[in-house]
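Participant: sequence-free structure coming up:
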Ligand code: SAH
């Protein structure tokens, strides 16, 4: 197990926990708590109440362009622009499908790193799927992101800006269905959110704090998805943030999970499930178990039975994801009859289960397909 990632493709099973040291993105208003914003404004020689004005512009009106903040003195605007509103994300390409209601954006970060986010508008909600790292160090062999290795951690503001960009597009009526808002945020884009814990928690706080401190999205609408970093799940449970935890399980037995989700060589199925049940007990939130159905790999009825026994009578929901194709992978989605049998076995155990309607496959925007290539 290495502690620093070699640039490029990791060896099978190799885990990378510590992101390579690189220059950090500039500080942005969205990195800061309300108190920190007041201090930053004071350091610039301005009155602390300016921090509230800046926050209202950014989090309430979704405006990050100081030139348009006409209630601020012109000289102060320039100072604030340079110190608190650096350009963090530059759009490189946008792909849409589902009549424009699914849209994937490729972003270039200040140092050239590439990440992707996906907006998905449904009749009753709009979900932003955001990246938390450029690349990923968890090396799951069926996931396109994992195959490229970890480039670096993203900052809180780089994460928040993806949501703000989606919120702006919705507010401007750019997404079919009329003007709207972001109701849900899922940390299911590139990266392992719990391996970038501090920045991710900062972003979650910015998302759920009411305006002008944050975007005012309901914590219940926020999902943090993890391969199962057990100590970090424990930390998250203690934050007092009732966000939904999604656990990417993909196999109910250690032998197979060791190969599908390499972190399992550190924390076994029993340990990660214990952490999940503890999370559910502390937050009263139903834990979502993610299980990509891979033909003849993890979709046998006996595995459904074993999974059913492990999760029955828990505060849980099983989300089955038909495997999305990724470049160079020999694996494909399960046969429809095997998928149905898998669902039936789980239902037999009384486990709530759904098969995820995966969006964005045509634009390589579905689960596991984000590779951020130009
Ligand atoms: N690293 C975190 C966040 C990424 S979420 C995690 O793994 O949970 C992306 C979800 O899509 C995870 O559940 C992941 O296991 C799943 N996934 C990855 N590749 C996939 C693929 N090819 N088909 C379907 N789901 C996939």
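Facilitator: Perfect, I can see it now. From a predicted model like this one, the values you see are computed outputs, not experimental measurements. Numbering: from 1, shown residues only.

Participant: for residue 186, helix, strand, or coil?
Facilitator: strand (DSSP: H, G, I helix; E, B strand; the rest coil).

Participant: without its sequence neighbours, what residue ends up closest to it?
Facilitator: Nearest-residue entry for residue 186: residue 223, 4.5 Å, with adjacent residues in sequence omitted and distances by C-beta to C-beta, 6 or more residues apart in numbering. Where you see a C-beta, it was placed from the backbone N, CA and C, and this is true even at glycine.

Participant: contacts only, for residue 180.
Facilitator: 121, 126, 170-171 (C-beta atoms under 8 Å, 6 or more residues apart in numbering).

Participant: which pLDDT value belongs to it?
Facilitator: Note for residue 180: predicted pLDDT of 97.

Participant: count of residues packed around residue 363?
Facilitator: Applying other C-beta atoms under 10 Å, we find 18 residues neighbouring residue 363.

Participant: pull the contacting residues for it.
Facilitator: 95-97, 102, 104.

Participant: how about the residues of the protein that lie near the ligand?
Facilitator: Residues of the chain lying close to the ligand (C-beta under 6 Å from any ligand atom) are 136, 138, 140, 142-143, 188, 192, 225-227, 248, 290, 292, 321, 323-324, 326, 367-368.

Participant: with residue 15 as the reference, measure out to the residue in the chain that the ligand sits nearest to.
Facilitator: Ranked by C-beta to the nearest ligand atom, the top residue of the chain for proximity to the ligand is residue 368, at 1.8 Å. Per C-beta to C-beta, to the nearest Å, residue 368 is found 18 Å from residue 15.

Participant: what's the answer for residue 74, then?
Facilitator: According to C-beta to C-beta, residue 74 and residue 15 sit 51 Å apart.

Participant: residue 43 too?
Facilitator: 40 Å.

Participant: try residue 129
Facilitator: 23 Å.

Participant: can you lay out the contacts of residue 363 as a markdown table showing neighbour count, pLDDT and secondary structure?
Facilitator: Shown next, in a markdown table, are the contacts of residue 363 (neighbours: other C-beta atoms under 10 Å; pLDDT from 0 to 100; DSSP: H, G, I helix; E, B strand; the rest coil):
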| residue | neighbour count | pLDDT | secondary structure |
| --- | --- | --- | --- |
| 95 | 16 | 95 | strand |
| 96 | 18 | 95 | strand |
| 97 | 15 | 94 | strand |
| 102 | 24 | 96 | strand |
| 104 | 24 | 96 | strand |
